[in-house]
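Peer 1: Provide a 3D model corresponding to the input given below.
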Amino acid sequence: MEIIDFPTENDSMIDFEIDNSVYQLRFTYNESFDYWCFSLYDDDDNCLIAMTKIVPNFPLYFFYQIDGVPSGVFAAVSDKEHIGYDDFRNGTAQFIYMTQAEYDASDEEDEAEEDSEV
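Peer 2: Modelled structure (predicted):
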């Protein structure tokens, strides 16, 4: 799992390397409704994922099957139910990338915890 440094601007792009390919991550804040959006671009500036609302503890493009998108998972991790303007900056939320193997392993751990609680 890799923690991604969240930018300090309301609309920012950063380069991020995954499996020897460089992607651009765009983070945009929606002031009217107090949430962040995520967009993903390939190294030719083609938009692969556009303006997806960032919600806590759920993979951002879980239901998408898009060519050219990394096989891993981008997500925001937080104990909060809503991620607002300052949450990445003050540390109450983190933006992460997990490889598919890491995500699968964490999902199996969650299922084992649920089974042990029953």
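Peer 1: What helices and strands are in contact with the top strand by length along the chain?
Peer 2: With DSSP state E setting the assignment, residue counts place strand 21-30 as the longest strand in the chain. Helices and strands touching strand 21-30, as assessed by 3 or more Cβ pairs under 8 Å, 6 or more residues apart in numbering; DSSP states H and E, comprise strand 11-18, strand 35-41. Backbone N, C-alpha and C define where each C-beta goes, glycine included.
Peer 1: is it possible to export these to JSON lines including distance to residue 49, mean pLDDT and mean neighbour count?
Peer 2: Shown next, in JSON lines, are those (distance: least, Cβ to Cβ, whole Å; pLDDT from 0 to 100; neighbours: other Cβ atoms under 10 Å):
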{"stretch": "strand 11-18", "distance to residue 49": "13", "mean pLDDT": "95", "mean neighbour count": "13"}
{"stretch": "strand 35-41", "distance to residue 49": "4", "mean pLDDT": "97", "mean neighbour count": "19"}
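Peer 1: Can you list the strands that the longest strand of the chain pairs with?
Peer 2: As defined by DSSP bridges, the strand partners of strand 21-30 come to strand 11-18 (antiparallel), strand 35-41 (antiparallel).
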